[in-house]
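Participant: give me a model of this one.
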Amino acid sequence: MTDRLIRAITADGMVKATAVTTRELTERARQIHKTLPVVTAALGRTLAAASMMGNALKSEGASLSIQVRGGGPVGAIVAISDSEGNVRGYAEHPQVDLPLRSDGKLDVGAAVGCDGTLTVIKDLCMKEPYIGSVQLLGGEIAEDIAQYFVESEQIPTACALGVLVDRDQSVRCAGGYLIQLLPGAGEDVISKVEAGVYAAGAVTKLLTANDDPEAMLRTVLSEFELEVLETAPVAYRCTCSRDRVERALLSLGADELRQMLDEQGHAELTCQFCDQVHQFSGEDLRRILELARKK
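Facilitator: This is a model prediction of the structure:
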């Protein structure tokens, strides 16, 4: 099944929810960055969270970035989503390998670390982006996302994310959900949400049984009547292009471009999100240098 995102609200208007399946896009990220299993899980969780949060922006041209810096061996994790929920991302050290936890699960928390921050940047095409940052709780990503919503946006949130890696290191299933209380939600609503989350269990268990985001939401929120607001496909999508890279070179300025031309004679730049290599010959650099001098 193609990766999909679904947005819904309960009939009583007290709870809004989003769920996403991301097996294909997480597998694409794994293949691009050659991540080992624990990094695949950490990056995959972050991509799923970014997809759901980016889709909520609903502003053409807007984007959302999640940066996780926990001090663990994986280093920084970055995921960027457009306003439709299409994502791209990378982990600073994709080849990290750690022993499994005592329960046999991948030790994402140890790989990410918890001595650092989770930062969300919303670019709504205004003068300044919105930036919110919280201290990491445990580096497992989901609880840190929930903490971000509580601290930075004052929205009580339940977040669950999961990536199941197969024996051949490919992604078997991936995805997650966000459940958020709306103003006026009472203790009875909170109790039903908490009970549903607890009873549903792990995201990977739900997706293994049925790789459908709507089915996942209906399982978790079984005590509520759901109204589906939107269903949309999502994918791993990099926005790099030769023109964008050329503009980046131009922004270096004439002095640095001249030094690059004198020392290397050409330029070879690799996109950190999709690993595509953009090559610029000496003639290309001289042309860009002339443009820089005219600025």
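Participant: tell me how many other residues crowd the closest residue to residue 280 other than its chain neighbours.
Facilitator: Closest residue to residue 280 apart from its sequence neighbours, by CB to CB, 6 or more residues apart in numbering: residue 267 at 4.3 Å. The C-beta positions use only the backbone N, C-alpha and C, and glycine is treated the same way. Around residue 267 there are 20 other residues, counting by other CB atoms under 10 Å.
Participant: could you do residue 255 as well?
Facilitator: Residue 255 has 10 neighbours, counted by other CB under 10 Å.
Participant: pretty sure it belongs to a helix, no?
Facilitator: Yes. According to DSSP: H, G, I helix; E, B strand; the rest coil, residue 255 belongs to a helix.
Participant: any idea of the pLDDT on it?
Facilitator: Listed pLDDT for residue 255 reads 84.
Participant: now do it against residue 292, distance only.
Facilitator: Computed as CB to CB, to the nearest Å, the residue 255 to residue 292 distance reads 9 Å.
Participant: cool, and residue 46?
Facilitator: With CB to CB as the criterion, residue 46 and residue 292 are 36 Å apart.
Participant: of those two, who's got more company?
Facilitator: The neighbour count for residue 46 versus residue 292, taken as other CB under 10 Å, is higher for residue 46 (29 against 18).
Participant: what about the nearest residue to the more buried one once chain neighbours are set aside, helix or strand, and which?
Facilitator: Closest residue in space to residue 46, ignoring its immediate chain neighbours: residue 79 at 4.4 Å, by CB to CB, 6+ apart. Of the helices and strands defined by DSSP states H and E, residue 79 is found in strand 77-82.
Participant: what comes into contact with the helix or strand following that strand?
Facilitator: For strand 77-82, the following helix or strand on the C-terminal side (DSSP H and E) is strand 87-91. With CB atoms under 8 Å, 6 or more residues apart in numbering as the contact definition, strand 87-91 has outside contacts at 25, 29, 33, 35, 39, 42-43, 46-47, 50-51, 54, 74-81, 234-239, 272-274.
Participant: go again using 7 Å as the cut-off
Facilitator: Residues outside strand 87-91 that contact it (CB atoms under 7 Å, 6 or more residues apart in numbering): 25, 29, 33, 35, 39, 42-43, 46-47, 50-51, 74-75, 77-81, 236-238, 272-274.
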